[in-house]
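Undergrad: Predicted model and sequence below, questions to follow.
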Amino acid sequence: MCLPCLNWYRKVFPAYMDQVSANIGFYGSPSPITICCVLFALLSVNASCYVFLLQVVYRVLLQSMGYSMGPLPGIIKKYLYAGMPDPEDAKEK
């Protein structure tokens with residue numbers, strides 16, 4: 001991360017958390033460990049979504065270019081081909 005981003009997290013994010021806690025009825029500033037935990041959770045979710053979407057986009061892109069890919073994990077296949085016939089069943093017929 002760049003230095004301005006770290007300064008934002010250090011200065012602005014605690015003030016934002018203070019406003020959020022006041023809006024839900026808590027008064028006072030949250031502790032630094034709470035701020036770190038919330039920040040870690042948000043960044044983890046963001047990174048996980050980014051990696052998942054990147055894998056799906058590259059898989060679709062590479063398959064459309066003609067590369068043969070390995071089998072998809074079951075949960076990914078369920079969401080990627082939702083509402084469409086399974087491409088492996090179509091190949092067998």
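TA: All right, it came through fine. Numbers count the residues shown, from 1 in each chain.

Undergrad: so where is the protein shaky, pLDDT-wise?
TA: 1-7, 85-93 (pLDDT under 70).

Undergrad: So which residue is smack in the middle of it?
TA: C49 (2.0 Å; CA atoms, centre = their mean).

Undergrad: Name the SS class of it, please.
TA: helix (DSSP: H, G, I helix; E, B strand; the rest coil).

Undergrad: how many neighbours does V38 have?
TA: A count of nearby residues for V38, using other CB atoms under 10 Å, gives 15. C-beta here means a position set from N, CA and C on the backbone, and glycine is covered the same way.

Undergrad: In which helix or strand does the closest residue in space to it that isn't next to it in sequence reside?
TA: Once flanking residues are discounted, V38 sits nearest to M17: 6.6 Å by CB to CB, 6 or more residues apart in numbering. According to DSSP states H and E, M17 maps onto helix 3-23.

Undergrad: Next, report how far that helix is displaced from the centre of its chain.
TA: Offset of helix 3-23 from its chain centre (CA atoms, centre = their mean, to the nearest Å): 21 Å.

Undergrad: In terms of secondary structure, what does that helix contact?
TA: helix 32-64 (3 or more CB pairs under 8 Å, 6 or more residues apart in numbering; DSSP states H and E).

Undergrad: In the helix it packs on, which residues are buried?
TA: Applying a neighbour-count criterion of 16 or more other CB atoms under 10 Å, one finds I35, R59 buried in helix 32-64.
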